[in-house]
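A.B. asks: task: produce atomic coordinates for the following.
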Amino acid sequence: MIRVIIADDIQILRQGLAAILSRDSELFIAGLAADGKEAWELCRREMPDVVLMDMRMPEYDGSWGIARIKEDFPEIKILVLTTFDDTETVEAAVSSGADGYILKEMEDERIIQSIKAVRAGIRVFGDSVFEEMRRQLTAAFQPAKVAEKMKLTGRERELMRCVAQGMDNKEIAAELFLAEGTVRNNISRLLEKLKLKDRTQLAVFTVKNRLDWQGKRSINNAKCRKERTGRDMKIMVVEDDRILAREIEGFLRKWGYETLVAGDFRRIAEEFACWRPQLVLMDVNLPFYDGFYWCGKIRQVSEAPILFISSRSDDYDKIMAIAQGGDDYVEKPFRLELLKAKVEAILRRTYQYKVKEQVFLGQGLSFDQGQLALYQNGEEILLTKLERRVMARLAADRPDVVSREELMMDLWDTEEYVSDGTLTTVISRLRSKLKNACGSEVIRTKKGQGYSLS
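C.D. replies: Numbers count the residues shown, from 1 in each chain. This is a model prediction of the structure:
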């Protein structure tokens with residue numbers, strides 16, 4: 001006997017579905033729920049084999065219910081039964097842990113067979129859902145394939161994204177912390193590499209091959225180690241209470257923070273990618289998809305801190321927020337002064353404390369990332385400007401390998417073009433100074449890939 005719980009916010013639908021499923025002698029209806037939270041509570045009492053879960057329900061939707069049930073009872077199978085087959089809804093269900101996804105238009109017998117299949121450990125997806133997943137999967141691999149084929153570095157893709165967004169050299173320089181001359185030289189090299197004539201062709205190539213999406217980047221990037229003030233910080237507010245959102249926006253702006261209030265609750269991830277904030281204030285109860293869902297989407301592409309602001313006071317909601325990648329949680333109602341203190345604490349931890357970190361390389365050798373200074377047992381070893389910049393990038397990415405292209409495009413703050421020979425000379429001098437100081441090789445060369453610190 002397969003014990004089944006049905007979760008749907010429309011009473012007549014869940015009762016009708018229960019009547020249909022009860023006709024099969026192998027199925028037993030263990031309970032009916034009106035939303036994700038009721039389904040989770042029923043699971044605690046009834047311990048079903050399968051939960052038949054709708055996705056769009058008020059207050060606690062299907063994503064919330066799936067994630068909570070899978071967290072507490074991973075052995076329970078969850079089969080989504082809904083009328084929606086759009087990409088975002090399917091992704092929300094699958095990423096939350098659903099074992100299958102079918103549509104309500106399916107024949108009664110196929111729904112019953114799907115329940116039995118999921119119970120047996122078989123993942124089940126409706127025909128249209130499967131086709132959409134296959135299409136999205138194919139499209140998702142396209143940028144990676146193009147980037148690999150053209151041997152594009154991460155920095156080159158960032159330049160392409162900026163060009164595709166219509167930025168001029170000055171704007172790109174400010175965005176990527178480079179000199180205008182460096183941007184100009186690197187775009188010229190990129191055009192030559194891709195055999196394109198001008199920036200317009202580069203922009204078209206970027207968009208056509210879906211290379212304009214902001215890939216995941218670590219906040220430990222060298223340029224993020226500069227101390228920043230409120231004037232440098234962008235904060236995104238995702239809150240459907242417009243009065244509260246505007247209050248938060250106005251208050252934070254008074255303290256020097258550039259603030260954006262999200263406008264389209266169907267496209268939060270897209271607005272985040274375009275605006276690239278240093279912090280997100282995220283409500284939980286949102287139209288279409290909840291804050292947990294959008295937190296997960298943002299975490300796929302960025303490690304920018306996320307502070308949840310919600311009227312939900314349940315400890316499970318706070319646990320869920322942290323589990324999905326959130327950094328802190330503030331209950332409504334709250335004083336704006338408290339919110340500001342939380343914001344400042346998170347920004348300080350994320351973007352300032354790391355500036356003062358030292359990288360210890362062994363045998364008394366250390367590199368101060370704040371002062372860009374190299375020390376041997378407390379005595380400074382003099383480095384040139386370019387040596388300091390190379391050392392800063394290698395220390396920031398340690399122990400990962402940094403390619404020659406990334407060093408040339410990311411670190412040179414000069415109006416002059418820097419050749420491969422110049423980089424080779426700088427690396428050679430720096431390697432010699434480090435070896436003389438501690439007696440061993442500190443910079444390692446990975447053939448065909450780049451350099452790393454041991």
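
A.B. asks: where does the stretch 201-350 of the chain dip in pLDDT?
C.D. replies: 208, 210-232 (pLDDT under 70).

A.B. asks: strands of that one, start to end?
C.D. replies: Using DSSP state E, counting those that start in this stretch, the strands found in the stretch 201-350 of the chain span residues 234-238, 258-261, 279-282, 306-310, 328-331.

A.B. asks: using JSON lines, lay out these together with distance to residue 249.
C.D. replies: Quick note: C-beta positions are derived from backbone N, CA and C, even for glycine. Listed next are the strands of the stretch 201-350 of the chain as JSON lines, based on distance: least, Cβ to Cβ, whole Å:
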{"stretch": "strand 234-238", "distance to residue 249": "6"}
{"stretch": "strand 258-261", "distance to residue 249": "5"}
{"stretch": "strand 279-282", "distance to residue 249": "10"}
{"stretch": "strand 306-310", "distance to residue 249": "13"}
{"stretch": "strand 328-331", "distance to residue 249": "16"}
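
A.B. asks: and among the ones you listed, the most buried is which?
C.D. replies: strand 279-282 (a mean of 26; mean count of other Cβ atoms under 10 Å).

A.B. asks: how far off centre is that strand?
C.D. replies: 13 Å (Cα atoms, centre = their mean, to the nearest Å).

A.B. asks: my guess is residue 159 meets residue 186, correct?
C.D. replies: Yes: contact criterion Cβ atoms under 8 Å: residue 159 and residue 186 qualify, at 6.1 Å.

A.B. asks: do you know the pLDDT at the residue nearest to residue 68 when sequence neighbours are not counted?
C.D. replies: Leaving aside its chain neighbours, residue 68 sits nearest to residue 40 (4.6 Å; criterion: Cβ to Cβ, 6 or more residues apart in numbering). You'll see residue 40 listed with a pLDDT of 95.

A.B. asks: these two touch, right, residue 40 and residue 69?
C.D. replies: Yes: using Cβ under 8 Å, residue 40 is in contact with residue 69, at 5.3 Å.

A.B. asks: what sits against the residue nearest to residue 252 when sequence neighbours are not counted?
C.D. replies: Distance criterion Cβ to Cβ, 6+ apart; nearest residue to residue 252, sequence neighbours excluded, is residue 259 at 4.8 Å. By Cβ atoms under 8 Å, 6 or more residues apart in numbering, the residues touching residue 259 are 234, 235, 236, 237, 248, 249, 252, 253.

A.B. asks: out of the residues you listed, which is nearest to residue 445?
C.D. replies: Closest approach between the contacts of residue 259 and residue 445, by Cβ to Cβ: residue 234, at 38.0 Å.

A.B. asks: the closest residue to the closest one other than its chain neighbours and residue 346, how far apart?
C.D. replies: Once flanking residues are discounted, residue 234 sits nearest to residue 277: 4.2 Å by Cβ to Cβ, 6+ apart. Going from residue 277 to residue 346 by Cβ to Cβ, to the nearest Å gives 12 Å.

A.B. asks: compare those two (neighbour count), which wins?
C.D. replies: residue 277 (21 against 17; other Cβ atoms under 10 Å).

A.B. asks: that one and residue 236 touch, don't they?
C.D. replies: Yes: proximity of residue 277 to residue 236 meets the contact threshold set by Cβ under 8 Å, at 4.0 Å.

A.B. asks: beta partners for the closest residue to residue 279 other than its chain neighbours?
C.D. replies: Spatial nearest neighbour of residue 279, chain neighbours left out: residue 235 (4.8 Å); criterion: Cβ to Cβ, 6+ apart. Beta bridges link residue 235 to residue 259, residue 279, judged by DSSP bridges.

A.B. asks: for residue 235, what are its contacts?
C.D. replies: Here residue 235 is in contact with 252, 257, 258, 259, 260, 277, 278, 279, 280, 281, 343 (criterion: Cβ under 8 Å, 6+ apart).

A.B. asks: what pLDDT is listed against residue 403?
C.D. replies: 84.

A.B. asks: let me fix that, I meant to ask about residue 416.
C.D. replies: 45.

A.B. asks: now the one 4 residues further on
C.D. replies: Among the per-residue scores, residue 420 shows a pLDDT of 67.

A.B. asks: same check on residue 143?
C.D. replies: You'll see residue 143 listed with a pLDDT of 53.

A.B. asks: got the CA coordinates for stretch 46-59 in PDB?
C.D. replies: C-alpha atoms of stretch 46-59 as PDB (Å, rounded to 0.1, in the frame of the first residue of the first chain):
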ATOM      1  CA  GLU A  46       1.500  10.500   8.800                       C
ATOM      2  CA  MET A  47       4.900   9.600   7.200                       C
ATOM      3  CA  PRO A  48       3.600   9.000   3.700                       C
ATOM      4  CA  ASP A  49       5.400   7.300   0.900                       C
ATOM      5  CA  VAL A  50       4.600  10.000  -1.700                       C
ATOM      6  CA  VAL A  51       3.400  13.600  -1.600                       C
ATOM      7  CA  LEU A  52       1.500  14.900  -4.600                       C
ATOM      8  CA  MET A  53       2.400  18.600  -4.600                       C
ATOM      9  CA  ASP A  54       1.000  21.600  -6.400                       C
ATOM     10  CA  MET A  55       3.600  24.400  -7.000                       C
ATOM     11  CA  ARG A  56       1.700  27.700  -6.800                       C
ATOM     12  CA  MET A  57      -0.100  28.000  -3.500                       C
ATOM     13  CA  PRO A  58      -0.500  31.100  -1.300                       C
ATOM     14  CA  GLU A  59       1.800  31.800   1.700                       C
END
